[in-house]
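> dropping a prediction and its sequence here:
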Amino acid sequence: MGRENQTWVSEFMLLGLSSCWETQASLFILFLAMYLMTLLGNSLIILLTRLDSRLHTPMYFFLSVLSFVDICYTNSTVPQMLVHFLSAQKSIPFHSCVCQLYVSLALGSSEFFLLGAMAYDRYVAVCHPLHYTVIMHGGRCLGLAAGCLVAGFTNSLMQTTTIFQLPFCRHVISHFACEMLAVLRLTCVDIFFNKVMVAISGFLVIMLPCFLVVFSYGRIVAAILHIRSAQGRRKAFGTCASHLAVVSMCFGTAIFTYMRPTAGPSTEQEKMEKMVALFYAVVAPMLNPLIYSLRNKEVASALRRVLRKFNEKR
């Protein structure tokens with residue numbers, strides 16, 4: 001089939017998560033609640049980091065950037081998914097699909113780089129505490145955050161450009177959003193080059209930050225074990241354990257989805273990709289504020305101080 005057939009694809013159809021109306025209504029309520037919790041939790045982290053001077057540290061700076069990325073990433077897919085739960089026609093225009101894939105892939109890639117930068121920040125804080133403020137100064141933090149975003153959006157631009165230059169002979173996407181692997185299955189030409197691009201991108205975006213995280217936390221654990229005080233070891237482990245839990249889930253699911261060889265698309269594989277996409281779009285952005293910050297005593301104290309100042313002004 002010729003490349004010109006791509007111009008006839010004016011919109012795509014999304015199969016979503018279920019064709020049963022009762023199931024869709026239940027999923028709408030569930031994901032709406034999770035979506036609102038995501039917006040509330042991440043917005044609270046950004047607000048507290050801005051308002052409380054005691055949280056003006058590199059760790060909370062990176063957490064606020066992560067919260068901002070999570071909010072944007074969630075908004076790139078979840079509102080449309082919620083609308084489609086209540087719609088009989090689950091279509092998305094061609095240009096909207098391009099935009100959604102670009103934005104979600106860019107923000108998802110940026111998040112992996114951010115997790116690597118946050119692991120490096122924790123490594124410096126635990127292993128080089130006396131030089132922490134000198135190494136992680138404001139300019140370096142801004143540079144790392146900007147570099148993560150630039151790298152993520154550059155990766156997405158390359159992937160999106162190569163994908164949507166291909167001719168499509170189908171328009172039904174077995175997904176709830178325009179996800180990279182799901183869209184690639186609609187093409188009617190050999191996609192060996194795109195598979196190589198996905199593999200290279202997976203190594204640079206997923207594996208390299210993962211290696212940095214493993215290295216950083218390996219050094220962190222070694223440093224913690226040398227702390228003489230049992231209370232000091234518990235505090236250090238408590239700070240890093242929650243971070244490592246989130247990182248392990250994020251990198252583990254991404255490696256399982258994008259870095260494993262596949263013989264071809266299957267129903268089970270498509271279901272797994274939907275579950276992983278839901279984890280990144282809904283679950284992880286909702287859990288990140290809870291695991292990283294809202295259970296932290298410093299953040300709880302900052303929240304009390306902000307509420308007290310607000311009540312005093314009233």
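Structure received. Numbering: from 1, shown residues only.

> mind listing what's buried in stretch 92-101?
Neighbour counts over stretch 92-101 (16 or more other CB atoms under 10 Å) mark 92, 94, 97-98, 100-101 as buried. All C-beta atoms are positioned from the backbone trio N, CA, C, and that covers glycine.

> and what of stretch 280-290?
Result for stretch 280-290 [16+ other CB under 10 Å]: buried residues 280-282, 284-289.

> show me the contact partners of it.
Residues from elsewhere that reach stretch 280-290 (CB atoms under 8 Å, 6 or more residues apart in numbering): 31, 34-35, 37-38, 41-42, 44-45, 66-67, 70-71, 73-74, 77-78, 81, 104, 108, 177, 246, 249-250, 253.

> CA atoms of it as PDB?
Taking Å, rounded to 0.1, in the frame of the first residue of the first chain, the C-alpha atoms of stretch 280-290 are listed here in PDB:
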ATOM      1  CA  TYR A 280       2.100   5.600  34.500                       C
ATOM      2  CA  ALA A 281      -1.000   7.700  33.700                       C
ATOM      3  CA  VAL A 282      -3.000   7.200  36.900                       C
ATOM      4  CA  VAL A 283      -1.400   5.200  39.600                       C
ATOM      5  CA  ALA A 284       2.200   6.500  39.800                       C
ATOM      6  CA  PRO A 285       1.300  10.200  39.600                       C
ATOM      7  CA  MET A 286      -1.200   9.700  42.400                       C
ATOM      8  CA  LEU A 287       1.200   7.700  44.600                       C
ATOM      9  CA  ASN A 288       4.300   9.900  44.100                       C
ATOM     10  CA  PRO A 289       3.200  12.700  46.400                       C
ATOM     11  CA  LEU A 290       2.100  10.200  49.100                       C
END
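
> contacts only, for the residue positioned nearest the centre of the chain.
The residue lying closest to the centre of the chain (CA atoms, centre = their mean) is residue 108, at 4.2 Å. Residues in contact with residue 108 (CB under 8 Å, 6+ apart) are 73, 152, 280.

> show me what the host helix or strand of residue 83 is packed against.
Per DSSP states H and E, residue 83 falls inside helix 58-85. The contact analysis (3 or more CB pairs under 8 Å, 6 or more residues apart in numbering; DSSP states H and E) places helix 58-85 against helix 21-51, helix 94-127, helix 138-163, helix 284-289.
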